[in-house]
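Colleague: A structural model of the following input is requested.
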Amino acid sequence: MKNRGIIIALVVIVGFVALSLGGCQRAAEEVTAFTCATDATWPPMEMVNENKDIVGFDIDFFNAVAEEAGFKVEFKSTAWDGIFAGIAAGKYDAIISSVTITDERKKTMSFSDPYINAGQVLIVPKESDAVMIADLAGESVGAQIGTTGAREIGKSEGVELKSYDEIGLAFEDMAVGRIAGVVCDTPVAAQYALQQAEYKEKFKIVGDVLTTEYYGIVVQKGNQKLLDLINKGIKAVQEKGIDKQLEDKWLR
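Modeller: Numbering: from 1, shown residues only. The predicted structure follows:
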């Protein structure tokens, strides 16, 4: 009877160990997934390619952050004019969409550590003599609605701000002479003025960088757990130089 009791006990222990190991293995295989909104109309930072995939610097960057921090991310194309309301309502977990970190925005959302410096610059037709926004007094200058570029235009007396839902529409208008300039983030300016085939012979970036700005990844206000996870990934990406590799790929 004692031997039989020992055998039964051993069977129970082996079974318990097997279940425990199985549970640990499943836990190790489970990877948290987050949904990230992006306004995919802002090349080369975020855009939709010919295969209808969302691509760009921000997309590659956040995928690298996710890999380093041990989570997965799924991107959701979202219009800019509703993107911040969506994070507040919990429609997605994060935003990466060339979002400039500002004190005003910090009141209603939480930001990751900065991941790229992208100040505002002025782009004009190559034949233009303008080197600053003030030189375009009496003219219209375009920017995407609600951006820091739009705010910079508003600071120049006599310059009319023309707002656009998508920055590409502003460049289209400048190409046909409807506006005299465009103000946008440095990476986007580089895309349109230096890299995009139909525009690089028409436009130029002029003057000094107008602002010192940093992009950050947005999460719902107070979501410190997710913020810490993202910052862990950003730190690893920067320490390994992955961010510089992505800048060479998308912004040079």
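
Colleague: Could you give the number of residues near residue 138?
Modeller: 8 (other C-beta atoms under 10 Å). The C-beta positions use only the backbone N, C-alpha and C, and glycine is treated the same way.

Colleague: Quick check, it in contact with residue 130.
Modeller: No: applying C-beta atoms under 8 Å, one finds residue 138 not in contact with residue 130, separated by 11.5 Å.

Colleague: burial of the residue nearest to residue 194 when sequence neighbours are not counted, as a residue count?
Modeller: Of all residues not flanking residue 194 in the chain, residue 200 sits nearest, at 5.8 Å (C-beta to C-beta, 6 or more residues apart in numbering). Neighbour count for residue 200, taken as other C-beta under 10 Å: 14.

Colleague: what's the distance between residue 200 and residue 48?
Modeller: From residue 200 across to residue 48, the span is 21 Å (C-beta to C-beta, to the nearest Å).

Colleague: can you pull the pLDDT of the closest residue to residue 155 other than its chain neighbours?
Modeller: In space, and not counting its chain neighbours, residue 155 is closest to residue 133: 7.7 Å by C-beta to C-beta, 6+ apart. Note on residue 133: pLDDT of 98.

Colleague: which residues does residue 133 contact?
Modeller: 122, 141, 152-153, 155-156, 159, 181, 183, 210 (C-beta atoms under 8 Å, 6 or more residues apart in numbering).

Colleague: I'd like those written out as TSV, with pLDDT and distance to residue 194 added.
Modeller: Below are the contacts of residue 133 laid out as TSV (pLDDT from 0 to 100; distance: C-beta to C-beta, whole Å):
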residue	pLDDT	distance to residue 194
122	97	14
141	98	20
152	96	20
153	97	21
155	95	26
156	95	24
159	98	24
181	98	16
183	97	16
210	93	18
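
Colleague: Could you identify the most distant pair in the residues you listed?
Modeller: Using C-beta to C-beta, the two most remote members of the contacts of residue 133 are 155 and 181, lying 14.0 Å apart.

Colleague: Mind checking which of the two has more residues around it?
Modeller: Remark: of residue 155 and residue 181, residue 181 carries more neighbours, 25 against 10, as counted by other C-beta under 10 Å.
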